[in-house]
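Engineer: Show me the folded form of this:
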Amino acid sequence: MFINKCLFWFSFLVLVMWVYILLVPVSSKSKIKDLQITALILARGGSKGILLKNLALVNNKTLISRTISVLREFSKFQSVWVSTDHESIVREARLSGARIHTRSRESAADEASSLLAVKEFAYHHPEIPAIALFQCTSPFLTLFPIEQAYAMMTDLGYDSVFSVTTSYKLRWTFNSDFSVSPLNFDLTRRPRRQDWDGELIENGMFYCYSSTCYRVDSK
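Structural biologist: Prediction:
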């Protein structure tokens with residue numbers, strides 16, 4: 001069963017990564033000269049879907065090692081960190097050249113959000129002005145979108161940039177009487193793909209933001 005789950009997960013990742021990747025700048029532009037950005041990977045050990053999924057092998061290399069390798073190859077990040085609560089992930093991350101932040105039990109809990117873990121890391125490293133958060137479960141990460149996002153932050157001055165894919169799916173929702181209604185289109189004028197710009201969907205590959213974004217609320 002474990003192998004079947006891994007194969008399903010890998011197939012899903014491959015399918016997702018075939019979708020064209022876009023970068024979305026958010027919020028105001030306030031250029032910071034010589035902005036230093038730190039790369040951060042959140043990799044807790046208690047994944048419920050696939051046990052220790054960040055250590056899953058893709059072409060004989062773990063997901064976390066693949067991500068760290070790309071981030072280090074980029075070479076413009078001030079440093080590359082892994083926030084984790086699991087010793088096996090610590091060992092793999094160090095072997096791959098990353099620095100380690102020991103994640104607290106609270107921020108590694110099932111109900112904890114990624115933002116909580118980012119804020120915890122930022123609290124212990126107040127000198128860091130900007131963070132680029134990457135997820136290991138995007139195993140086909142390449143330098144090109146990283147270079148684009150980095151330039152949008154450092155050269156164009158956006159305070160946050162994240163990766164998305166374009167979706168052309170027509171979405172529906174249930175009503176209280178169990179009937180359904182369209183969410184993102186007019187039922188009498190169903191759009192053709194070529195006549196519609198589609199919707200932007202977060203793909204979770206990365207999120208880059210300055211400290212003004214994640215330190216707005218200290219809780």
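
Engineer: isn't G198 right up against Y168?
Structural biologist: Yes. Counting by C-beta atoms under 8 Å, Y168 is a contact partner of G198 at 4.5 Å. In this view, the C-beta of every residue, glycine as well, is placed from N, C-alpha and C.

Engineer: Other residues contacting stretch 189-200?
Structural biologist: With C-beta atoms under 8 Å, 6 or more residues apart in numbering as the contact definition, stretch 189-200 has outside contacts at 22, 24, 164-170, 184-185.

Engineer: With respect to F77, which of those residues is nearest?
Structural biologist: V24 (20.3 Å; C-beta to C-beta).

Engineer: How about G204, nearest residue that isn't a chain neighbour?
Structural biologist: Using C-beta to C-beta, 6 or more residues apart in numbering and skipping the chain neighbours, the partner closest in space to G204 is Q135 (5.2 Å).

Engineer: If you could redo that for T212, that was the one I meant.
Structural biologist: In space, T212 comes closest to D159 once its chain neighbours are excluded; the distance is 5.9 Å by C-beta to C-beta, 6+ apart.

Engineer: Please apply the same query to I89.
Structural biologist: A43 (5.1 Å).

Engineer: who does the longest strand anywhere in the chain pair up with?
Structural biologist: In the chain, ranked by residue count with DSSP state E as the criterion, the top strand is strand 199-210. The strands beside strand 199-210 in its sheet (DSSP bridges) come out as strand 130-134 (antiparallel), strand 158-167 (antiparallel).

Engineer: Please point out which parts of stretch 200-219 sit buried.
Structural biologist: Across stretch 200-219, burial judged by 16 or more other C-beta atoms under 10 Å covers 203-210, 213-214.

Engineer: any idea of the mean pLDDT for the host helix or strand of S181?
Structural biologist: In this structure, S181 is located in strand 180-182 according to DSSP states H and E. The pLDDT scores in strand 180-182 average 97.

Engineer: Export the buried residues of stretch 200-219 to CSV and append columns for pLDDT and distance to L57.
Structural biologist: As requested, those are exported to CSV (pLDDT from 0 to 100; distance: C-beta to C-beta, whole Å):
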residue, pLDDT, distance to L57
N203, 91, 22
G204, 91, 20
M205, 94, 20
F206, 96, 22
Y207, 96, 26
C208, 95, 28
Y209, 91, 31
S210, 91, 35
C213, 80, 34
Y214, 71, 32
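
Engineer: Between which two of the residues you listed is the distance greatest?
Structural biologist: N203 and S210 (21.4 Å).

Engineer: Much appreciated, bye for now.
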